[in-house]
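Participant: Generate coordinates for the sequence data below:
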Amino acid sequence: MMIELDMDDGRWDGLRLDILAQTAIAQTLVHLSILHDHVEISVLACDDARIGELNREFRGKATPTNVLSWPAEDVRPPALPTADPDGSLPLGDIAIAYETCEREANAADKPFSAHVTHLIVHGTLHLLGYDHEVEAEAAQMEAIETEILGKLGLPDPYL
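Facilitator: Numbering: from 1, shown residues only. All right, here's what the predicted structure looks like:
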């Protein structure tokens, strides 16, 4: 698995986001039985200003958010993206905002690293076609997130 990590905000440095993202993404893929050695994901670790720009540009919402995802291919579970001719399996890009994540973790009285792990899992599921626009899909996605985080020793993020 290859994760390209772009640290756009130095506050992320103390978290060891490289290891955290690797662990969260790997556990998500294993949980979904995606055992492809050449998965590629790009993660942008940014601030609220940058994610606000991205949210406005791609979703028409001029506010910061915690995490955004851009799938490389539009798929719906259980279908998987198609591997490239060279054998690589690009899943897409994730952006995560420091200030919003920190505020949310503090408001929920949860460790910052646990909340960020949850959001990386959440973003990875979006890359694989999972969504939460309708209630049934949201319930499915939340259940999968809870199972994955439980395997990582983290509590249910929705309690």
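Participant: any idea how far G60 is from A138?
Facilitator: Between G60 and A138 the distance is 21 Å, computed by Cβ to Cβ, to the nearest Å. Heads up, the C-betas are built off the backbone N, CA and C, glycines and all.
Participant: which residues of this structure fall in helices?
Facilitator: Ranges of helices within the chain are 17-31, 48-59, 98-107, 112-127, 135-151, based on DSSP state H.
Participant: what's the most buried one of those?
Facilitator: Comparing these on average neighbours per residue, with mean count of other Cβ atoms under 10 Å, the densest one is helix 112-127 at a mean of 23.
Participant: Phi, psi for the residue of the chain positioned farthest from its centre please.
Facilitator: Going by Cα atoms, centre = their mean, the residue of the chain most distant from its centre is P85, 25.6 Å out. Main-chain torsions, P85, degrees, to the nearest 10: phi -60, psi -30.
Participant: ok, it - contacts?
Facilitator: P85 makes no contacts at all, as judged by Cβ atoms under 8 Å, 6 or more residues apart in numbering.
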